[in-house]
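1. Quick one, fold the following:
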Amino acid sequence: MDLETLLTFDDILLLPQYSDIKSRSEVTLSSEISEAIELRVPIIASPMDTVCGTRMSQKMSEFGGLGIIHRYNSIDKQATMVSEASEGGANTVGAAIGITGDYLERARELVSAGASVLCLDVAHGDHLLMHVALHNLTDKYGHIAHLMAGNVATYTGAFALAQLGAHSIRVGIGGGSICSTRVQTGHGMPTLSSIIDCTRIKDRFPDVKIIADGGIKNSGDIVKALAAGADFTMVGSLLAGTTEAPGDVIHQMGKKLKSYRGMASKDAQMDWRGNVSSLEGIATVIPYKGPVINILQELENGIRSGLSYSGARNLKELRENAQFVRQTQSGLAESNTHIKWRYDA
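-> Numbers count the residues shown, from 1 in each chain. Coordinates of the predicted model:
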């Protein structure tokens with residue numbers, strides 16, 4: 001058995017290069033997700049019920065990103081959330097749907113409420129039911145809404161979705177911080193390698209966007225994903241715990257916390273549909289982080305700095321200039337703020 005070595009974000013670094021960029025303000029991060037929608041920053045909020053509801057969607061749009069309002073509620077409730085977030089069309093709003101049951105009715109109501117992006121949101125997107133649903137949605141809404149599909153991990157999975165009409169494809173299986181798919185099922189692929197593999201579909205479908213989704217821990221990982229070929233990144237844990245994330249602040253032993261859970265966790269499945277099938281996620285609490293604008297500004301500054309280290313003024317130049325190098329576990333340790341390890345030990 002000849003096994004290929006696959007890489008994730010911690011396995012590589014970008015080689016610093018000559019730069020004549022004097023200020024981060026010279027760097028632009030804007031990119032079109034479709035002809036009608038341009039994002040100022042390549043950041044999309046994940047459709048999780050502890051990450052993106054009405055308030056998060058509003059803030060993401062105001063900042064220049066995109067929020068995908070989660071689907072774990074009734075059609076009427078989600079449509080109301082979309083309507084409130086869109087503020088008469090002033091904001092760009094995305095909304096998640098499934099691929100079985102009432103998904104066509106839900107899509108209709110969400111588009112009517114103001115959603116300009118429909119996200120076909122399932123864990124395993126390289127699947128017959130996804131193909132059928134995407135075909136049906138492309139016929140009905142492909143001309144009036146951006147269709148985002150996934151998740152997939154391989155070129156063949158991404159190619160099939162592009163061929164069926166997806167405008168963008170979420171890439172990454174099992175890499176999320178509260179996802180246990182790889183442990184429970186034995187399946188998955190390091191997200192960075194998935195991005196590199198799936199990006200090859202652009203030879204045939206140059207307008208289809210690749211969205212890196214899973215395993216992104218910081219702005220450096222976002223830069224690596226973009227350099228590897230992703231057009232946008234989807235994040236959950238980075239935005240969870242903020243003021244705008246759904247859920248109340250929890251006070252425990254003098255600390256402020258908020259809930260964060262995977263949508264395949266026991267808690268999420270019970271709240272959503274009253275029963276539990278396959279467990280591929282966990283539920284936890286994380287420290288309360290305050291307003292999301294602080295997190296977004298920090299991420300944007302880090303991404304801008306990242307581009308400047310490759311001498312790139314925009315995302316296109318980053319992909320053209322990027323040079324990757326492998327790092328060992330010792331290199332990873334050196335990359336971190338290791339003084340804390342030395343004095344905490």
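2. How confident was the prediction at T5?
-> With respect to pLDDT, T5 scores 89.
3. Hmm, I typed the wrong one, I wanted A228.
-> A228 is given a pLDDT of 98.
4. ditto for S335
-> Looking at S335, the pLDDT reads 87.
5. can you count the residues close to the residue nearest to T8 when sequence neighbours are not counted?
-> Once flanking residues are discounted, T8 sits nearest to P190: 3.7 Å by Cβ to Cβ, 6 or more residues apart in numbering. In short, each C-beta sits where N, CA and C put it, glycine included. If you count neighbours by other Cβ atoms under 10 Å, P190 ends up with 23.
6. do you know how far P190 is from Q323?
-> Going from P190 to Q323 by Cβ to Cβ, to the nearest Å gives 20 Å.
7. From the chain's centroid, how far away is the host helix or strand of R319?
-> Using DSSP states H and E, R319 sits within helix 315-321. In terms of Cα atoms, centre = their mean, to the nearest Å, the centre of helix 315-321 is found 20 Å from the chain centre.
8. and if you look at stretch 163-179?
-> Using Cα atoms, centre = their mean, the offset of stretch 163-179 from its chain centre is 8 Å.
9. what does stretch 8-20 give?
-> The answer for stretch 8-20 is 21 Å, by Cα atoms, centre = their mean.
10. mind listing the helices in the chain by residue range?
-> 54-63, 75-86, 103-113, 128-141, 155-163, 181-185, 191-198, 219-227, 266-273, 292-309, 315-321, 329-335, 339-344 (DSSP state H).
11. Those into TSV, with extra columns for mean neighbour count?
-> Formatted as TSV, these follow (neighbours: other Cβ atoms under 10 Å):
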stretch	mean neighbour count
helix 54-63	22
helix 75-86	19
helix 103-113	19
helix 128-141	16
helix 155-163	21
helix 181-185	15
helix 191-198	26
helix 219-227	24
helix 266-273	16
helix 292-309	19
helix 315-321	17
helix 329-335	11
helix 339-344	8
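12. which one of the ones you listed lies closest to S25?
-> helix 292-309 (8.1 Å; Cβ to Cβ).
13. what's the angle between that closest one and helix 54-63?
-> If you take axes from the mean of the first three to the mean of the last three Cα atoms, to 10 degrees, helix 292-309 sits at 40 degrees to helix 54-63.
14. Packing partners of helix 292-309?
-> strand 43-45, helix 54-63, helix 219-227, helix 315-321 (3 or more Cβ pairs under 8 Å, 6 or more residues apart in numbering; DSSP states H and E).
15. Rebuild these as JSON lines, extending it with distance to V285.
-> Listed next are the helices and strands packed on helix 292-309 as JSON lines, based on distance: least, Cβ to Cβ, whole Å:
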{"stretch": "strand 43-45", "distance to V285": "19"}
{"stretch": "helix 54-63", "distance to V285": "18"}
{"stretch": "helix 219-227", "distance to V285": "23"}
{"stretch": "helix 315-321", "distance to V285": "35"}
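16. Of all those, which one comes closest to D248?
-> helix 54-63 (12.7 Å).
17. Rounded mean pLDDT for that closest one, please.
-> 98.
18. Now Y260: closest residue in space, sequence neighbours ignored.
-> Per Cβ to Cβ, 6+ apart, closest to Y260 is A240, 4.1 Å.
19. Can you give me the buried ones in stretch 32-44?
-> I33, S34, L39, V41, P42, I43, I44 (16 or more other Cβ atoms under 10 Å).
20. Out of those, the closest to V82 would be?
-> Distances from V82 to these, taken by Cβ to Cβ, are shortest for I44, at 15.6 Å.
21. shouldn't that closest one be in contact with G67?
-> Yes. Here I44 reaches G67: they are 7.3 Å apart, a contact under Cβ atoms under 8 Å.
22. Which neighbours do those two have in common?
-> Any residue near both I44 and G67 by Cβ atoms under 8 Å, 6 or more residues apart in numbering counts here, and that gives M60, G94.
23. Can you tell me how far the spatially closest residue to A322 that is not a sequence neighbour is from D207?
-> Sequence neighbours aside, A227 is the residue nearest to A322 in space, at 3.7 Å (criterion: Cβ to Cβ, 6+ apart). Going from A227 to D207 by Cβ to Cβ gives 20 Å.
24. just so I know, which of the helices and strands packed on helix 292-309 lies nearest G125?
-> Of all the helices and strands packed on helix 292-309, strand 43-45 comes closest under Cβ to Cβ, at 15.9 Å.
25. List the strands paired with that closest one, with their directions.
-> strand 66-69 (parallel), strand 232-235 (parallel) (DSSP bridges).
26. Looking at those strands, which one is packed in the most?
-> strand 66-69 (a mean of 30; mean count of other Cβ atoms under 10 Å).
27. average model confidence for that strand?
-> The model assigns strand 66-69 a mean pLDDT of 98.
28. so where's this protein shaky on pLDDT?
-> By pLDDT under 70, the weakly predicted segments of the chain are 262-282, 340-345.
29. ok, now which ones touch A240?
-> M48, T50, V51, K258, Y260, I286.
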